[in-house]
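Q: what follows is a protein structure lacking sequence information:
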């Protein structure tokens, strides 16, 4: 595998999870979660702390990252999101509130990085996680493992949402909160679980992305536009769309930069962020509601069977 | 009487679903024309097509013989055709009088004139004086300086009418002006409207509380499932078996 | 079983119901009829805490329901079948039934779902299709099945006959009557197909413009010739002479 | 009512108003800082207040009055900062027959060029003043251009989509500046010629009142703007787009007007900021500093009230400064663990946003709903009406 492709796959898998996390939370609670940025960074630092202090492979700490991410999600739900949802706050207010939470988390991350530096004499502000990886088929193992994990998570999520009672109840609530309530489904619990899953996915996504890029306290902060780009590209209508959108954005960033720099020279590297943002802008200009506005995507979706969320929330209401 | 509004074969489909199907209506000048029909029969969609909120899939809309099909709402507003909304949408961050003034034009809307009070104050004063007259006509003159968020439901409905009047509109489309208003206020609202009609305005009113509204109407169109099923003066339409069927179900014989 | 007293309710600022009082006796079928926009659906929505209750009392088995979260109401044994949005379009028919029986155990839900597919064979045919692909009538059947899944003490049915072919509507009505007779479920039904509903109902209320205009025996209400005119809101139908307003007053006193 | 009673009433209103209480708190805090830290602290607070109140007022115009989710405030600030970093110096260089092309921004050349320009500027009052005005005009023009460009795609998007797109544009501009050396030197900051060099050591003491003056002019301008039919159009758009359109507003035009005016002002703020710091580092133009902080200032002060914005900027800037000054005294326990208490600035920022959203949804000094015309003119019209009836 050429290096751009292996890095691209790793990075894209991470971006897919974070974009999926944003999408899931948006369709469940109408909240554009800015805090995904810091949740992703927290996921990275959880894994980094594990390998740096206790040794082993990054992969063993992934479940821990999931857990920590889920906890940050739960805190945000109870402390911030639930009161606002009850108040039926506007979309922009919900979004701003997660921004506030994100900044608080960011300050804690920065302090934690200081703490690691000072107490354990580590260098947590420029981390190359791929150093802790092992080699597989003459390449970085992460390039094979992470996409598999991402797909695995997607499948688990799919099974959860289609085969378990609570998962189906989640889809039901997301589609029609009124009817779900009338059926006795506690929407509070559905939103809580959405935050748990979405927090976990965001943290894991961050841990993935750090395997391809330099891990820093502000890595989430820098990549959040790309995460949003992925979610918006996916149309914010279905969680599978979000994951696909994130993956496309991540891979085109690496592939695009590689191809363009071969053609035009290394200066292109500096504008790597422009490529995914350009894709997002172009998509939005043609389809103001993202990929799900494209008929082709609708066809794919109907082929894939009933997907999470449907096209419109409360179509029937 | 000349025709104010003519809708010819207006059709509107949403993703293959036909909401309005080849509907023809004519609103004559200085009438109170009513559009009735059960929920979801396409009344509001038709009004939306006429006022530019939606674009009709096919058909033509003429206002005073000008083809206004597919125009934007603010362009249709400019030729003298305005509408109110079923759920009042006041500008909650503005006072009652500013809600009305907002529908009047003023040189102070240009960015370079706006900071210069002298350039627009005299026009604003004239407008305000006109706005007070309009508020008096709809019975809101005492509340002119309240934030519009402080008004009650019936007052908000009248504010919608006032907004329509302030533009100097010739035809005002009212979407359920008495929906959600208690019967006493509903009578008051409709008497205000019919007084305004005497003054020369034309009204196209969508309403399904026909028990209260029908006595005020000059002409009624009845719709069901996106098509017109009856039209004529109130007596005729309300006794039309097809209309009674729609409103009562199949059991006309029972009565 | 269910008592509503002096209820004022609506959405946001819009008030739809005015001082409305109704009584739903246990194990009976109470029918609420009335023209479009009378507030029938809003009544059910206020009971389920979906609409906003401004003032008044709602008592279920002696306990107040005001402010109870919707999902707790379901757990108390109140099932609600809305007129619109009554199925989960993105879920399969089977999942819809299971969601409706969310509070039942797995075995109970399976058995109940089995029973439903026997009552409505059409559901069996489409059991793994997503509900969004069903036709209007099939959706309605599913919605009713979903209501029955809940083993409710009190069932709130909103306009069951909408979208149904007359024959099926008839069957659905019989099914409702059977639910009352055999299962002893208390039912509050809002219905447009007034004749059939009143024939099978025990108690009836006529709602006009958010107020009770008539209450009493369902059958006797059916034999009131005024019903027709009340529905259409015409004070005088030709050839009918004067309206007996006294009847309406009697009715409201009867509450 | 007698005139005397009227004034007493008004005075009482002011005394009981939140704005007055906030001003008192600010005054007390400033006095405290002055006695414990001296003039330089006060001046550095004031300069930040001047610059950021300009940026935040522009945000308030777009977000507070027009309801646009402007999460890309930094884009316009960048436009102003880059324009001031790139253009006026080059114009000076051109007239002084110095290199003004791509090489102007290269680090080795720029470091020698700017002192030469400064020397010329320091020699002439007129030239310095002209240079300052030129900077402001260029910054404003660049901002207006960027605002207009952003408004083109922006008119099609709604709510959060619009917010995210603007945020992405802001980030992208920062990366362009960081990588494209010939604008403002890329990763190496370029110096900005200093129109205040003429004051020598007293430079700082002059910048503060000068910038404050500019901020006050903008404050007056914006207050007049929002108290005009145009301001009413903005508010109509904010309150309800559909209804505004049905009331005859061309919403595309009104939105564009707000975005262009707002961007123009924000860019002037950006331009002043780089004049004050003396250099432009593209990487320093982050959305944290120039989008999120202004949002916090605005939300704390009040969405839709420029007085509130001013007080919000003041209060938070003081708190930020206090964290910096007293970090070792108050947060010694953090320092003991090797943690830099400066990160508390982020905590403060995040906490302010959260607290305001949860407990003060309308900010400390909420917008007052009043007619657009000045009160005395309104009174005249109304009393005329009452006489008629």
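A: Structure's in. What do you need? Everything quoted here is computed from the prediction, not taken from an experiment.
Q: whether stretch D:44-58 contacts chain B - can you check?
A: No. On the criterion C-beta under 8 Å from any C-beta of the partner chain, stretch D:44-58 is out of touch with chain B, staying 13.8 Å away. Every residue, glycine included, has its C-beta placed from N, CA and C.
Q: spell out whether that stretch and chain A are in contact.
A: No. Contact of stretch D:44-58 with chain A is not found when judged by C-beta under 8 Å from any C-beta; the minimum separation is 14.8 Å.
Q: residues near the residue nearest to residue B:85 when sequence neighbours are not counted, how many?
A: Residue nearest to residue B:85 in three dimensions, not counting chain neighbours: residue B:175, with 5.7 Å by C-beta to C-beta, 6 or more residues apart in numbering or on different chains. Residue B:175 is flanked by 22 other residues according to other C-beta atoms under 10 Å in any protein chain shown.
Q: quick check: phi and psi on the closest residue to residue D:303 other than its chain neighbours?
A: By the measure of C-beta to C-beta, 6+ apart, the closest residue to residue D:303 outside its immediate chain neighbours is residue D:64, 4.1 Å from it. With angles defined as degrees, to the nearest 10, residue D:64 sits at phi -80, psi -40.
Q: what number of residues lie near residue D:64?
A: By other C-beta under 10 Å, 29 other residues sit near residue D:64.
Q: then the one 3 residues further on?
A: When neighbours are counted by other C-beta under 10 Å, residue D:67 registers 24.
Q: quick one: it and residue D:233 touch, right?
A: No. If you go by C-beta atoms under 8 Å, residue D:67 and residue D:233 don't touch, sitting 11.7 Å apart.
Q: re earlier: and the pLDDT for the residue nearest to residue B:85?
A: According to the predicted model, the pLDDT of residue B:175 comes to 84.
Q: give me phi/psi at it?
A: The phi and psi values for residue B:175, taken as degrees, to the nearest 10, are phi -100, psi 110.
Q: just the helices in the chain please.
A: All of this is about chain A. Counting by DSSP state H, chain A has these helices, from start to end: A:3-29, A:36-49, A:62-76, A:82-86, A:91-120, A:142-163, A:165-175, A:177-182, A:187-209, A:219-233, A:239-264, A:274-286, A:295-303.
Q: actually it's chain C I care about, not the one you picked
A: Per DSSP H, chain C carries helices over the ranges C:40-47, C:70-75, C:93-100, C:106-119, C:121-125, C:136-149, C:166-178, C:194-200, C:218-222, C:226-232, C:245-253.
Q: pick the most deeply packed of those helices.
A: helix C:93-100 (a mean of 27; mean count of other C-beta atoms under 10 Å in any protein chain shown).
Q: near chain A at all, it?
A: Yes. Remark: helix C:93-100 sits within contact range of chain A at C:95, C:98, C:99, C:100, by C-beta under 8 Å from any C-beta.
Q: these into a markdown table, with extra columns for pLDDT and distance to residue B:234?
A: Below are those laid out as a markdown table (pLDDT from 0 to 100; distance: C-beta to C-beta, whole Å):
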| residue | pLDDT | distance to residue B:234 |
| --- | --- | --- |
| C:95 | 89 | 49 |
| C:98 | 88 | 51 |
| C:99 | 88 | 47 |
| C:100 | 86 | 44 |
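Q: returning to that earlier point: residues in contact with the residue nearest to residue B:85?
A: With contacts defined as C-beta atoms under 8 Å, 6 or more residues apart in numbering or on different chains, residue B:175 is in contact with B:43, B:44, B:47, B:83, B:84, B:85, B:86, B:206.
Q: kindly report the same for residue D:295.
A: Listed by C-beta under 8 Å, 6+ apart, the contact partners of residue D:295 are A:96, A:99, D:59, D:63, D:71, D:73, D:353.
Q: contacting residues around whichever residue of the stretch 101-250 of chain B sits closest to chain A?
A: Nearest to chain A, among the residues of the stretch 101-250 of chain B, is residue B:149, at 15.3 Å (C-beta to the nearest C-beta). Applying C-beta under 8 Å, 6+ apart, we find residue B:149 in contact with B:90, B:92, D:369.
Q: tell me the pLDDT at the closest residue to chain D within chain C?
A: Of all residues in chain C, the one sitting closest to chain D is residue C:12 (13.7 Å; C-beta to the nearest C-beta). Note for residue C:12: predicted pLDDT of 72.
Q: ok, it touching residue C:52?
A: Yes. Residue C:12 sits in contact with residue C:52 when judged by C-beta under 8 Å, with a separation of 6.9 Å.
Q: who has more neighbours, the two?
A: residue C:52 (17 against 11).
Q: look up how far chain A lies from that one.
A: Residue C:52 sits 11 Å away from chain A when distances are taken as C-beta to the nearest C-beta, to the nearest Å.
Q: repeat that for residue D:64.
A: Distance check for residue D:64 against chain A: by C-beta to the nearest C-beta, it reads 12 Å.
Q: for residue D:184, same thing?
A: 14 Å.
Q: tally of neighbours for that residue?
A: There are 29 residues near residue D:184, going by other C-beta under 10 Å.
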